[in-house]
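Sequence and computational prediction follow.
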Amino acid sequence: MLVDVESGHCQAITSAGGIVESWAWSPDGERLVYTADPDHTLQLDFFRYEIATGVTRRLTDDVQAELEGQPVWVDESHVLFNAIRKGSSGLELLDTDTGSTELLERADCRGGEISIDAAARLVVQARTTLTSTGEIIVFDRHTGAVRAVTDYAEPVLAEHPPALWEKLSVPHDGYLIDAWLLKPPDFDPARRYPVILDVHGGPSSSHGPRFIDHQQCWATHGFLVVSPNPRGSTSYGRQFARQVIRDWGGGDFRDLMAVVDAVLQLPYADPQRTGIFGISYGGYLTAWTISQTDRFKAAICGEPIFDLESDYGTSDVAFNGLERHGGGPPHAERQWYDTHSPSTFAHQTRTPTLIFHGEADARCPIGQSEQMFTALKKAGCEVEYVRYPNGSHMFFLLGPPEHRADFLARTLAWFSEHLGGPEAVAADV
């Protein structure tokens, strides 16, 4: 919406429906480029709006990337933007006349907002990797050189090394499922390690090569931690992201199990000691998984979507999101809500489970965890339930330091108690 500050007149640029994510004015103030998903297709694309004519033109169609941060104009025709493709960030250039994109630089990282100098030559960006908590880098558009100008975490990481890692790509059901495997910094292939599956939220989100506190905490204390991007994940294009529509707990669940199966083929992964963790939609898939299989010896379920119908009526966004994912509201799609809710099958759960939730969570209200705790308790399952006062949906990342520290300590203790640590591989007799 454009507002004339003199008259107060409002002029709509986009339709009332859909999503507008980011925008930037051209240097001459005559054009606006923005990212949007007008039809709720789970993929943002670029659009250009001309002030003089009031005409909007779509520039891209399925850009096959997760578009994060504000785009930045480098001249009257080109926009620099941060694009996450297959989990990893890159700097790309959009031609706002043709809609074509050009890759300038990509690395095993996740990048933040970008800034440029007056000559539009130097690009500054914060980046995190699987071995750095986040530093400032400078990219030279003329030479292609990248240099880090900060190293704030070096003293801590020198004393406490981060996890080792490798990327996996697991073929399954016609898809290639990417995953990142973290190993202890003192990893010894002659030992056998317990495995933790970390399921991302969303589902419109993705794992990738970035420093995540809880993953590093577990990996540096003797666990293998695997974080996959099952179907439904972003950064792989519209078709892949939409595979989860009307199929929650279906293909996404099978992709996760395929990645776990692949990891357990490694000689140093212990198939008898596996755990699963997830928050939000990841909590949904965690609750779903332990209601469908007993293969995991421990689970940690954070701020889950446990019962689809009650989540629809209490969440700040689910009344829209679940209609799009499930085909309609509960009264119109009763079978889908019932057959895809972990609550329907929770009585089958036998996996020892730690549930945690922020009490002020509006995205996945705390009643979801209360229902899950009651169901698992009634099922005779070992279950512990932790509530964080005034905790938001993202308290484990953005909450008070004492809550974040408690979260790390509790989750590490739960997995350590139920899965143990590294063990020597028995010699062949």
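It's in.

for this protein, what spans make up the helices?
For the chain, the helices defined by DSSP state H cover 154-159, 213-219, 238-241, 251-263, 281-292, 308-314, 318-326, 334-339, 342-345, 367-378, 395-398, 401-419.

average model confidence for the last one?
Averaging pLDDT along helix 401-419 gives 98.

Likewise for stretch 182-190?
On average, stretch 182-190 scores 97.

Now do it: everything it contacts.
130, 161-166, 193, 215-216, 218-227, 267-268, 422, 424-425 (CB atoms under 8 Å, 6 or more residues apart in numbering). Backbone N, C-alpha and C define where each C-beta goes, glycine included.

how about 10 Å then?
Here stretch 182-190 makes contact (CB atoms under 10 Å, 6 or more residues apart in numbering) with 130-131, 157, 160-166, 191, 193, 196, 198, 212, 215-216, 218-227, 266-268, 421-422, 424-425, 427.

about what we covered before: out of the helices of the chain, which one sits most buried?
Among the helices of the chain, helix 281-292 has the highest mean neighbour count (mean count of other CB atoms under 10 Å), at a mean of 27.

could you check the angle helix 251-263 makes with it?
Angle, helix 281-292 to helix 251-263, by axes from the mean of the first three to the mean of the last three CA atoms, to 10 degrees: 80 degrees.

mind exporting helix 281-292 as PDB, just the C-alpha atoms?
C-alpha atoms of helix 281-292 as PDB (Å, rounded to 0.1, in the frame of the first residue of the first chain):
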ATOM      1  CA  TYR A 281       5.900 -28.400  12.800                       C
ATOM      2  CA  GLY A 282       9.000 -30.300  13.700                       C
ATOM      3  CA  GLY A 283       7.200 -31.000  17.000                       C
ATOM      4  CA  TYR A 284       4.200 -32.200  14.900                       C
ATOM      5  CA  LEU A 285       6.400 -34.700  13.000                       C
ATOM      6  CA  THR A 286       8.100 -35.800  16.200                       C
ATOM      7  CA  ALA A 287       4.700 -36.500  17.900                       C
ATOM      8  CA  TRP A 288       3.500 -38.100  14.700                       C
ATOM      9  CA  THR A 289       6.600 -40.300  14.400                       C
ATOM     10  CA  ILE A 290       6.600 -41.700  17.900                       C
ATOM     11  CA  SER A 291       2.900 -42.500  17.400                       C
ATOM     12  CA  GLN A 292       3.700 -44.500  14.300                       C
END
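
ok, residue 341 - how many residues close by?
By other CB atoms under 10 Å, 24 other residues sit near residue 341.

Which of the contacts of stretch 182-190 are buried? Put it as a PyMOL command.
Buried residues within the contacts of stretch 182-190, by 16 or more other CB atoms under 10 Å, are selected in PyMOL with:
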select buried, resi 130+131+157+162+163+164+165+191+193+196+198+212+215+216+218+219+220+222+223+224+225+226+227+266+268+422
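
Which ones among the contacts of stretch 182-190 lie within strands?
Using DSSP state E, the members of these that fall in strands are 164, 165, 166, 191, 193, 196, 198, 224, 225, 226, 227, 424.

Tell me if I'm right that the fourth one and residue 268 touch.
The one in question is residue 191. Yes - the criterion here is CB atoms under 10 Å, and residue 191 meets it with residue 268 at 6.3 Å.

ok so, going back, out of the helices of the chain, which is closest to residue 358?
With CB to CB, the closest approach to residue 358 among the helices of the chain belongs to helix 395-398: 4.2 Å.

what packs against that closest one?
Using 3 or more CB pairs under 10 Å, 6 or more residues apart in numbering; DSSP states H and E, the elements in contact with helix 395-398 are helix 213-219, strand 353-358, helix 401-419.

quick one: the last one to strand 353-358, angle?
What separates the directions of helix 401-419 and strand 353-358 is an angle of 170 degrees, with the same axes, to 10 degrees.

Now do helix 401-419 against strand 191-199, angle only.
Calculated by the same axes, to 10 degrees, helix 401-419 forms an angle of 130 degrees with strand 191-199.

lowest confidence element among the helices and strands of this protein?
The weakest-scoring helix or strand in the chain, judged by mean pLDDT, DSSP states H and E, is strand 423-424 (a mean of 79).

sorry, back to before: how about the helices and strands packed on helix 395-398 in a markdown table, adding distance to residue 114?
Shown next, in a markdown table, are the helices and strands packed on helix 395-398 (distance: least, CB to CB, whole Å):
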| stretch | distance to residue 114 |
| --- | --- |
| helix 213-219 | 24 |
| strand 353-358 | 31 |
| helix 401-419 | 28 |
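
Let me know which of these is the nearest to residue 49.
Taking the helices and strands packed on helix 395-398 one by one with CB to CB, strand 353-358 is closest: 38.4 Å.

Packing partners of the closest one?
Applying 3+ CB pairs under 10 Å, 6+ apart, one finds that strand 353-358 contacts strand 269-279, helix 281-292, strand 298-302, helix 367-378, strand 383-388, helix 395-398, helix 401-419.

so what are the domain limits for this protein?
2-154, 161-424 (automatic domain parsing).

chain center to the shortest one, what's the gap?
For domain 2-154, the distance between its averaged C-alpha position and the chain's averaged C-alpha position is 20 Å (CA atoms, centre = their mean, to the nearest Å).

go on, stretch 347-358?
21 Å.

and if you look at stretch 401-412?
Relative to the chain's own centre, stretch 401-412 is displaced by 20 Å; criterion: CA atoms, centre = their mean.

C-alpha coordinates for that stretch, PDB please?
The C-alpha trace of stretch 401-412 is given here as PDB (Å, rounded to 0.1, in the frame of the first residue of the first chain):
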ATOM      1  CA  PRO A 401      19.400 -16.500  28.900                       C
ATOM      2  CA  GLU A 402      18.400 -18.600  31.900                       C
ATOM      3  CA  HIS A 403      15.600 -20.200  29.800                       C
ATOM      4  CA  ARG A 404      17.900 -20.900  26.900                       C
ATOM      5  CA  ALA A 405      20.500 -22.400  29.200                       C
ATOM      6  CA  ASP A 406      17.900 -24.500  30.900                       C
ATOM      7  CA  PHE A 407      16.600 -25.700  27.500                       C
ATOM      8  CA  LEU A 408      20.100 -26.800  26.400                       C
ATOM      9  CA  ALA A 409      20.900 -28.500  29.700                       C
ATOM     10  CA  ARG A 410      17.500 -30.400  29.900                       C
ATOM     11  CA  THR A 411      17.600 -31.600  26.300                       C
ATOM     12  CA  LEU A 412      21.200 -32.800  26.600                       C
END
